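J.: model the following, please.
(2 chains)
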Amino acid sequence: MMQQEYDVVVIGAGFGGPVAAKKCADAGLKTLMLERSENPGEKVISGLTIPVYGFLFGPSFIRDGNPPIERPVDGIRNYVIYNIKAEDIEIVEMRIPRPLSPIFAFGYNAYCKPFCTWEAEQAVKAGAELRTCTTAIDVIREDGCIKGIVTDRGEQIRSKIVINCEGSQGMLAVKAGIRGKYPPQAISLADTYDYECPKEVIDRVFGHTLRFCWGFDELKIAPPLGHGNGLMAWPYRNSIHWMQDQCLAMDDGQVPNLRRLFDEYHENITTQLPWWRDEIAPSVKLRARMWEGFGIYVGLDDKLRNMPNFTDGMILAGDVAGLESTGLCDGVPTAWFSADIAADVAIEAIKASDSSAKFLERYNRRIKAHSITQWAITNRGRWNLRKAQESHDRKELRARINYQFGPGILTHAGTPLVKSMLREIRKDPLVMRKWARMFLRYYYNWEHDCSSQNKLPGRHKKKGSIGIGLAILDSLVIVFSPINWAIACLLEPLAGAVNLLIIAFRPVVELGLRAGIKMEPLFDPFCRWMIDSVKQADPSIFVSGSSGRFRGQPHKARVFPS
Amino acid sequence: MVRTSERFPGVEWVGDTGVFIKIDEKRCTGCGNCIKVCLGCCFEIEKKLARIKSLDECMECASCWYVCGEGAIDFAWPPGGTGYRSDWG
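T.: The predicted model follows:
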């Protein structure tokens, strides 16, 4: 059988794989990315809000690019359902108030296929080769070291390093003996629906806020019966993504009849939940139903968390390395961070002509030193929420939801976020200009549907007030960059105290958030002016850095080599 | 060859996947866990043992593999370019 040689083989063109492939290709390495589906992302199923920290602190080509997004998100509205028939429902909300929202977003909703395709296109443009319809089924091992992979067509593809981004099941990593099969208690099955819905209905009912629902078991209106999530509804542009997910097994190992229960939950909640029944149901049409399993609690178990994420000749990144968030339940930012680090280590290893496990161990060290990744995979907030459900204590349930999906999240997310922010400013004091432009560009993209294949963006010439504002920001950032750098260096070691500070001043912080939301109507004229200014601005002012001009080109699927 | 399902709109199944999930009859205890978690109804019990009924609506989630405590289920990805796909995931 014909043998092929590459510097790096990346397995998977989901969210993480293209990040690793692009970085390796940018470094001049001969890089091959393998994808088992015909088009990137078409086997990826998720209810997807990518938190903003993934964009701010993740790969620069995503931050500075124009990926296809479905809607900017400003926060979460939780419905704590005590008795659905009596409509005994409490709301716990955490969101960025207007006028910051919706331009300065908490995250961005996206469909997986266009987003992964866009990422893969960037890797291909950088020089990586993408081979679709190809499944990696085994590794080539020589003297204990992985030297490449074997495809389902029997091809042997040799490489100096393999970066494995195959996804949560990790079939190749298990087969290669690097990782083991997770227990069913650590896996959640996500039953996912996609509903078409007119944009004006979504704008009116959801705005830019996600809606989560939580209830006690006996109501049978939202999982979990064991651990897992409740009902989550994501507003997209012209559709609502809707997911209920539940762990495959209870604490005692019992496997619930999910086939029956999911149908029951779905029927109950769509007919009884007041806002869905009255405001959404009359306007929606089911477009798709699908499901996927994901490693929801891998990071909470010492044994699972400490499974190897590298071996001689191979590095694992993203879900296959057990990096799905146990708190917010997303895997994209950690896939981006880890794929970026994996590429760095692969480049260093190839330069040093050393792909031994001893050399690659630095990957594990860097993952463990990554503040957001470690916070994401060790957070017990969601796990503890189940305990509150079991206790049937309303106060406890409300407090747990507040802690994980309400303002309480700041008490544990503050330190990792501030630490990452200071680290980025230390590395590049001008990065704040890129962050501001990212928010504005993404919002422009969303307003004009620049990622759509059907519409061209508006052609505007005005720099307007936003242009003047950016010019002032640029001047300030440039003038103060030495001071910003010094402050970042000084404060970074002290960032560990941020959570403690937020805890100490929590009543003030929560009061501030509530006051911000209460005062929103006062700022509405300013908010509308901001939105109009961004919509009508010349999009070239949103380009980060001096290279290239943002033309808002429509997203277009391309044919990949196969 | 592209197949669709009335139960699962918005999803297509492409090409010939072959039998990519296998059950070891010697290990199967007939507990039925695979049936409980499979939303695609791929399994059935026959003579007190699980067997593959049809993989036509399998979405390759591997839940059956996770819940089989006896290790009786062998799960492998179907050949490249085959199996489910969706624009709406």
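J.: what helices and strands are in contact with the strand or helix carrying A:Ile367?
T.: Taking DSSP states H and E as the definition, A:Ile367 sits inside helix A:357-368. The contact analysis (3 or more Cβ pairs under 8 Å, 6 or more residues apart in numbering or on different chains; DSSP states H and E) places helix A:357-368 against strand A:310-311, helix A:332-351. The C-beta positions use only the backbone N, C-alpha and C, and glycine is treated the same way.
J.: buried residues, stretch A:167-176. List them.
T.: By neighbour count on 16 or more other Cβ atoms under 10 Å in any protein chain shown, the buried set for stretch A:167-176 is A:167-174, A:176.
J.: in helices, which of these fall?
T.: Among the buried residues of stretch A:167-176, DSSP state H puts A:171-174 in helices.
J.: so what's the closest residue to chain A within chain B up against?
T.: At 2.3 Å from chain A, B:Gly10 is the closest residue in chain B, using Cβ to the nearest Cβ. Contacts here follow Cβ atoms under 8 Å, 6 or more residues apart in numbering or on different chains; on that basis B:Gly10 touches A:194, A:287-290, B:86-88.
J.: nearest residue to it in space, please, no chain neighbours.
T.: A:Ala288 (2.3 Å; Cβ to Cβ, 6 or more residues apart in numbering or on different chains).
J.: wait, A:Tyr363 sits on A:Phe310?
T.: Yes - at 5.2 Å, A:Tyr363 counts as touching A:Phe310 under the criterion of Cβ atoms under 8 Å.
J.: which outside residues touch stretch A:389-402?
T.: A:78, A:80, A:82, A:90, A:92, A:214, A:216-217, A:224, A:381, A:384-385, A:387-388, A:408.
J.: show me which pair in those is furthest apart.
T.: Pairwise distances across the contacts of stretch A:389-402 peak at 23.3 Å for A:Asp217 and A:Gly408 (criterion: Cβ to Cβ).
J.: between those two, who's got more neighbours?
T.: Neighbours per residue, other Cβ atoms under 10 Å in any protein chain shown: of A:Asp217 and A:Gly408, the larger number sits with A:Gly408, 22 against 15.
J.: how about that one, secondary structure?
T.: State at A:Gly408, reduced to three classes by DSSP: H, G, I helix; E, B strand; the rest coil: helix.
J.: what about the strands in chain B?
T.: Secondary structure of chain B (DSSP state E): strands at B:2-3, B:11-14, B:21-23, B:43-46, B:49-52, B:73-75, B:83-86.
J.: can you tell me which of those is packed in deepest?
T.: Highest mean neighbour count among the strands of chain B (mean count of other Cβ atoms under 10 Å in any protein chain shown): strand B:83-86, with a mean of 24.
J.: chain center to that strand: distance?
T.: Taking Cα atoms, centre = their mean, to the nearest Å, the mean C-alpha location of strand B:83-86 is offset from the chain mean by 13 Å.
J.: what does it contact?
T.: A:37-39, A:42-43, A:45, A:113, A:288, A:290, B:10-15, B:17, B:20, B:58-60, B:77.
J.: in helices, which of the residues you listed appear?
T.: Taking DSSP H as the definition of helices, the contacts of strand B:83-86 contribute A:Lys113.
J.: could you flag which of the contacts of strand B:83-86 are buried?
T.: A:37-39, A:42-43, A:45, A:113, A:288, A:290, B:10-11, B:13-15, B:17, B:20, B:58-60, B:77.
J.: quick one: least confident helix or strand in chain B?
T.: Of all helical and strand segments in chain B, the minimum by mean pLDDT, DSSP states H and E falls on strand B:2-3, at a mean of 94.
J.: would you pull up how far it lies from the middle of the chain?
T.: The answer for strand B:2-3 is 16 Å, by Cα atoms, centre = their mean.
J.: stretch A:360-375 now?
T.: Worked out by Cα atoms, centre = their mean, stretch A:360-375 lies 18 Å from the chain centre.
J.: what is the burial count for B:Gly32?
T.: For B:Gly32, using other Cβ under 10 Å, the count is 16.
J.: contact partners for the nearest residue to it once chain neighbours are set aside?
T.: Sequence neighbours aside, B:Ile45 is the residue nearest to B:Gly32 in space, at 6.1 Å (criterion: Cβ to Cβ, 6+ apart). B:Ile45 makes contact with B:30, B:32, B:35, B:51 under the criterion Cβ under 8 Å, 6+ apart.
J.: does B:Thr4 touch B:Glu57 like I think?
T.: No - between B:Thr4 and B:Glu57 there is no contact under Cβ under 8 Å: 10.0 Å.
J.: mutual contacts of those two, please.
T.: B:Trp13.
J.: spell out which residues of the stretch 151-300 of chain A are next to chain B.
T.: Residues of the stretch 151-300 of chain A found near chain B (Cβ under 8 Å from any Cβ of the partner chain) are A:151-153, A:169, A:171, A:181-184, A:187, A:189, A:191-192, A:194, A:239, A:248-249, A:253, A:255-259, A:262, A:286-293.
J.: show me what stretch A:170-185 is in contact with.
T.: Counting by Cβ under 8 Å, 6+ apart, A:11, A:136-139, A:141, A:146, A:149, A:164, A:166, A:226-227, A:247-251, A:253, A:255, A:295, A:297-298, A:304, A:307-308, A:311, A:314, A:316, A:319-320, A:322, B:62-63, B:65-67, B:75-77 sit against stretch A:170-185.
J.: hmm, back to that, so for A:Ser481, which of the strands of chain B sits nearest?
T.: It's strand B:83-86; of the strands of chain B, that one is closest to A:Ser481 (Cβ to Cβ) at 46.1 Å.
J.: for chain B, what lies in contact range of chain A?
T.: Selection of chain B residues close to chain A by Cβ under 8 Å from any Cβ yields B:7-11, B:14, B:33, B:35-39, B:41, B:59-63, B:65-67, B:69, B:75-81, B:83-89.
J.: quick check on the contacts of stretch A:170-185: which are buried?
T.: By neighbour count, with 16+ other Cβ under 10 Å, the contacts of stretch A:170-185 hold A:11, A:136-137, A:139, A:141, A:146, A:149, A:164, A:166, A:226-227, A:247-250, A:255, A:295, A:297-298, A:304, A:307-308, A:311, A:314, A:316, A:319-320, A:322, B:62-63, B:65-67, B:75-77 as buried.
J.: give me the subset of these lying in helices.
T.: Using DSSP H, the members of those that fall in helices are A:304, B:63, B:65-67.
J.: would a markdown table of these with pLDDT be doable?
T.: Formatted as a markdown table, those follow (pLDDT from 0 to 100):
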| residue | pLDDT |
| --- | --- |
| A:Leu304 | 95 |
| B:Ser63 | 97 |
| B:Trp65 | 97 |
| B:Tyr66 | 97 |
| B:Val67 | 97 |
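J.: closest to A:Ile280 out of the residues you listed?
T.: B:Ser63 (28.8 Å).
J.: now do the contacts for that closest one.
T.: Here B:Ser63 is in contact with A:184, A:187, A:189, A:248, A:293, B:34, B:37-38 (Cβ under 8 Å, 6+ apart).
J.: which residue is the nearest non-sequential neighbour of it?
T.: B:Ser63 sits nearest to B:Val37 (Cβ to Cβ, 6+ apart), 4.2 Å away.
J.: report the mean confidence score over the helix holding A:Ile367.
T.: Across helix A:357-368, the average pLDDT comes to 97.
J.: just the CA atoms of it, as PDB, please.
T.: The C-alpha coordinates for helix A:357-368 follow below in PDB (Å, rounded to 0.1, in the frame of the first residue of the first chain):
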ATOM      1  CA  ALA A 357       6.600  11.500  25.200                       C
ATOM      2  CA  LYS A 358       9.300  13.100  27.300                       C
ATOM      3  CA  PHE A 359       9.400  16.100  25.000                       C
ATOM      4  CA  LEU A 360       5.700  16.300  24.500                       C
ATOM      5  CA  GLU A 361       5.100  16.300  28.200                       C
ATOM      6  CA  ARG A 362       5.300  20.100  28.000                       C
ATOM      7  CA  TYR A 363       1.900  20.000  26.300                       C
ATOM      8  CA  ASN A 364       0.300  18.600  29.500                       C
ATOM      9  CA  ARG A 365       2.100  21.200  31.600                       C
ATOM     10  CA  ARG A 366       0.800  24.000  29.500                       C
ATOM     11  CA  ILE A 367      -2.800  22.600  29.500                       C
ATOM     12  CA  LYS A 368      -2.600  22.400  33.300                       C
END
